[in-house]
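K.L.:
pasting a predicted model and its sequence here:
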Amino acid sequence: MRPIIEFCTNNMHFDTDIVMEKLESNPDYDVVEYGCLTNCGQCYLMPYAMVDGEIVTAQSADELYDVIVAKIKEAEAWDDLDLD
């Protein structure tokens, strides 16, 4: 299953737009940008995104990229276990 990664335009002041563009270059990911993800408190405090409906956060945009990729790999590992 292709992961869905969602970004809020209001969070772009943390440079999450750079993370989003980097992830968009991977054809195995579905990357979506919304005007608002209704997580305003989270959005105000730190870089964040949603990966398959789950919020992931980090202290910087670079770290957020790593957290997103790790979350995707974790989900893929669980998917692989389900197939066995």
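P.N.:
Right, received. Where do you want to start?

K.L.:
do you know the pLDDT at the closest residue to residue 53 other than its chain neighbours?
P.N.:
Nearest-residue entry for residue 53: residue 4, 7.6 Å, with adjacent residues in sequence omitted and distances by Cβ to Cβ, 6 or more residues apart in numbering. Heads up, the C-betas are built off the backbone N, CA and C, glycines and all. The score at residue 4 is 97. That number is its pLDDT.

K.L.:
contacting residues around residue 33?
P.N.:
Applying Cβ atoms under 8 Å, 6 or more residues apart in numbering, we find residue 33 in contact with 6-9, 20.

K.L.:
among the residues you listed, which lie within helices?
P.N.:
Within the contacts of residue 33, residues falling in helices by DSSP state H are residue 20.

K.L.:
where are the low-confidence patches of this protein?
P.N.:
For the chain, applying pLDDT under 70 flags the ranges 82-84.

K.L.:
can you give me the helices in it?
P.N.:
With helices called from DSSP H, the chain shows them at 16-24, 40-45, 61-83.

K.L.:
pick the most deeply packed of these.
P.N.:
Greatest average neighbour count among these goes to helix 16-24 (a mean of 18), per mean count of other Cβ atoms under 10 Å.

K.L.:
who are the packing partners of it?
P.N.:
Helix 16-24 sits against strand 4-8, strand 30-34, strand 48-51, helix 61-83, with contacts defined as 3 or more Cβ pairs under 8 Å, 6 or more residues apart in numbering; DSSP states H and E.
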